[in-house]
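In: Okay, here's the prediction I keep looking at, along with the sequence it came from:
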Amino acid sequence: MIFLNGFLGTDDYNQSMAFVSGDSLEFFKENSKKMPDDWIYRNEHISYKFNSQGHRCKNLEEIDLSNYILFIGCSHTEGIGLPLEKTYPYITASELNCDYYNLSMAGTGFDVLEHNLIMWFHKVQQKPKFVVIQWSDHSRYVSLYPGYDKLMQSGRWMDDENTRRFMAASEELGIVHARKQITRNLLKSIIKVPIIELNFRQHSGYSNDGLWLKRSDLARDLCHAGIESHKNASKDLIEHITEVLKCDKYMHERLPNTA
Amino acid sequence: MQFVEGLLGHDSDVIYNSHGHRCKELIDVNLRNYILFVGDNAGLVLDKPLEETLPYLTAKKLSVDYYNLCIFNGGIDAIRYNLFSWINNYPKPKAIIITSEFVNSLLVSDKNHSFISVADLSDPMVTDAINSANMNGFFNGRLMLFNNLVSTCIQTPIFQLNIKDKIKLLQDNTIDIDYDPKNPMPTVDLLVEGINKIYKSARASV
């Protein structure tokens, strides 16, 4: 994880790869042995192309900032294990005939999400039509180990004693809930366009008024949500957005495909 | 603690305004000419009358208004929340003064977000969480994110009042002044001098 133009992005910025850490070639080879012959990912080419800010979408200067949606989340929204064109941000934006930017970063929590959103609204003067926030596992956070100068992601996959103790205490004492409350309220205070909140079923929810998306099939890494799940997520999202747009004629005109 | 109109304040008490802050009502502050205080205990000075606190004395000497967003034991989370909520919703202050005694405070809440308060330091589990957060890089990571946000997003001059043996909140792009909460006057004088310098150079550039 690295600061790029103020944003946190992946170290693989400006690169294109066939595999990334969570969806590795090694896993793919193993999975190929146990999956049926007609497993879709045998022939599905996936390219992870990260822009100059370390995000999986076009460069900021290529985005139509007069008509775009801003997405943010973790690996689900970054689309790990899927071709870009099969991810729900891509499908949603295509269906709504608008552009999009995807600030998501795999393995990160709501601290990175908050950072990148505050940075976006500071740096980018043109506001998105709305912001789609996919809340990640709430136990995650960025850490800077003593003696190091680079931030790294921490989460349930960590096995050091201090991380496990801190996560357990955070849940027990409600530290994680206070952090969530601060982040959620701060974003609502800063973001002046509609926010649509998404929760994936395997993560703890953040709000009762958000959309709940389920994993009905699996991506190439056999861990993340697959092609059908993303298609369904996009369908649910567009239905929700259409409802939101009914209350806003201006945005409705800008996104004609929701008519 | 409570959220009032997008700001985090203390629970109701006679010493606080309706937003839960130790200063006059927000509506009465001249937001075209004011300085902003953000921080925790050192900026509140709860053991002294309002008129003897550093924010009051500084603003009085400068003949400007002020608003005080400091939260008791709030630490970096309360500071970050109030600072960024403020700068995104209110006119820019002439200067921001930050002072924090307990950067690594932890806040707690419940699943329903029905309250928010400071973690009880007498609870052994809290001290254990603080020790773990020191060792696993949580506090350092939180501090680095905050520093990056402040240095990128805030153009207003920031004065940081540093207290002996306490962790510095901001590492660079600040004007640092030493601060002894028991003897605030030297700090008030340095602060007034520093802010006046900025006023003068701003006027000169116009």
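Out: Ah, there it is. Numbering: from 1, shown residues only, chains lettered A, B, ... in the order given.
In: so what's the closest residue to chain A within chain B up against?
Out: Among the residues of chain B, B:G137 lies nearest to chain A; the distance is 3.2 Å by CB to the nearest CB. C-beta: built from backbone N, CA, C; applies to glycine. For B:G137, the contacting residues are A:143-146, A:148, A:152, A:154, by CB atoms under 8 Å, 6 or more residues apart in numbering or on different chains.
In: repeat that for 6 Å
Out: Contacts of B:G137 were listed using CB atoms under 6 Å, 6 or more residues apart in numbering or on different chains, and they are A:143-145.
In: and if you look at A:I238?
Out: By CB under 6 Å, 6+ apart, A:I238 lies in contact with A:E95.
In: can you pull the buried residues of whichever strand or helix holds it?
Out: A:I238 belongs to helix A:227-246 when assigned by DSSP states H and E. For helix A:227-246, burial by neighbour count (16 or more other CB atoms under 10 Å in any protein chain shown) applies to A:227, A:229-230, A:232-234, A:236-238, A:240-241, A:244-245.
In: Mind giving me the packing neighbours of the lengthiest helix in chain B?
Out: For chain B, the longest helix by residue count, based on DSSP state H, is helix B:185-205. Other helices and strands packing on helix B:185-205, by 3 or more CB pairs under 6 Å, 6 or more residues apart in numbering or on different chains; DSSP states H and E, are helix B:54-62, strand B:175-178.
In: Nearest to A:S16 among these would be which one?
Out: Comparison of these against A:S16 by CB to CB identifies strand B:175-178 as nearest, at 44.4 Å.
In: which helices and strands does that closest one pack with?
Out: For strand B:175-178, the contact count by 3+ CB pairs under 6 Å, 6+ apart identifies strand B:158-162, helix B:185-205 as packing neighbours.
In: Direction included, what does it pair against?
Out: Next to strand B:175-178 in the sheet, as set by DSSP bridges, lie strand B:158-162 (parallel).
In: and the partner strand, what's its mean pLDDT?
Out: Taken as a whole, strand B:158-162 has an average pLDDT of 96.
In: what residues does it touch?
Out: Strand B:158-162 is contacted from outside by B:96-99, B:168, B:170, B:174-179, B:191, B:194, using CB under 6 Å, 6+ apart.
In: What about the residues you listed, which one has the most neighbours?
Out: Neighbour counts for these (other CB atoms under 10 Å in any protein chain shown) peak at B:I97, which has 31 neighbours.
In: picking that back up, how about TSV for the contacts of strand B:158-162, with pLDDT added?
Out: Below are the contacts of strand B:158-162 laid out as TSV (pLDDT from 0 to 100):
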residue	pLDDT
B:I96	98
B:I97	98
B:I98	97
B:T99	94
B:K168	93
B:L170	96
B:T174	94
B:I175	95
B:D176	96
B:I177	96
B:D178	95
B:Y179	94
B:L191	96
B:G194	96
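In: biggest separation within those residues, which pair?
Out: Spanning the widest gap among the contacts of strand B:158-162 are B:I96 and B:D178, at 17.9 Å by CB to CB.
In: picking up where we left off before, could the helices and strands packed on helix B:185-205 go into CSV alongside distance to B:L121?
Out: Converted to CSV, the helices and strands packed on helix B:185-205 look like this (distance: least, CB to CB, whole Å):
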stretch, distance to B:L121
helix B:54-62, 24
strand B:175-178, 26
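In: Now do the contacts for residue 74.
Out: This is for chain A. Applying CB under 6 Å, 6+ apart, the residues contacting A:C74 are A:108, A:136.
In: hmm, I had chain B in mind actually
Out: Residues in contact with B:G74, defined by CB under 6 Å, 6+ apart, are B:D40.
In: Quick check: residues of chain B near chain A?
Out: Residues of chain B found near chain A (CB under 6 Å from any CB of the partner chain) are B:3, B:6, B:77, B:81, B:85, B:88, B:106-111, B:113, B:116, B:125, B:129, B:132-133, B:135-138, B:140-141, B:144-145, B:148-149, B:152-153.
In: Mind checking which of those are buried?
Out: With burial judged by 16+ other CB under 10 Å, the buried subset of the residues of chain B next to chain A is B:3, B:6, B:77, B:81, B:85, B:88, B:106-109, B:113, B:116, B:129, B:132-133, B:135-138, B:140-141, B:144-145, B:148-149, B:152-153.
In: okay, now the residue in the stretch 1-150 of chain A that chain B sits nearest to: neighbour count?
Out: Going by CB to the nearest CB, chain B is nearest to A:S143 of the stretch 1-150 of chain A, at 3.2 Å. Each residue near A:S143 was counted by other CB under 10 Å, and the total is 26.
In: Return the residues of the stretch 151-259 of chain A in contact with chain B.
Out: Counting by CB under 6 Å from any CB, the stretch 151-259 of chain A sits next to chain B at A:151, A:162-163, A:165-166, A:169, A:173-175, A:177-178, A:181-182, A:185-186, A:189-190.
In: Can you list phi and psi of the residue lying closest to B:G137 once chain neighbours are set aside for me?
Out: The spatial neighbour of B:G137 that comes closest, neighbours along the chain excluded (CB to CB, 6 or more residues apart in numbering or on different chains), is A:S143 at 3.2 Å. Per-residue torsions, A:S143: phi -130, psi 150 (degrees, to the nearest 10).
In: ok, A:S143 - contacts?
Out: A:152, A:154, B:136-138, B:141.
In: Kindly reformat the contacts of strand B:158-162 as a markdown table and extend each row with distance to A:L213.
Out: Shown next, in a markdown table, are those (distance: CB to CB, whole Å):
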| residue | distance to A:L213 |
| --- | --- |
| B:I96 | 40 |
| B:I97 | 45 |
| B:I98 | 40 |
| B:T99 | 44 |
| B:K168 | 42 |
| B:L170 | 39 |
| B:T174 | 43 |
| B:I175 | 48 |
| B:D176 | 48 |
| B:I177 | 50 |
| B:D178 | 52 |
| B:Y179 | 49 |
| B:L191 | 51 |
| B:G194 | 52 |
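In: Out of those residues, which is nearest to B:V14?
Out: Checking the contacts of strand B:158-162 against B:V14 by CB to CB gives B:T99 as the nearest, at 23.8 Å.
In: can you map out the helices along the chain?
Out: Going with chain A. Ranges of helices within chain A are A:25-34, A:75-78, A:88-95, A:110-123, A:161-173, A:175-190, A:227-246, A:249-254, based on DSSP H.
In: ah, no, chain B please
Out: For chain B, the helices defined by DSSP H cover B:41-44, B:54-62, B:75-87, B:124-135, B:138-153, B:185-205.
In: can you list those in CSV and add distance to A:G22?
Out: Output for the helices of chain B, formatted as CSV (distance: least, CB to CB, whole Å):
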stretch, distance to A:G22
helix B:41-44, 43
helix B:54-62, 49
helix B:75-87, 29
helix B:124-135, 26
helix B:138-153, 21
helix B:185-205, 48
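In: Identify whichever of these lies nearest to A:A106.
Out: It's helix B:138-153; of these, that one is closest to A:A106 (CB to CB) at 17.0 Å.
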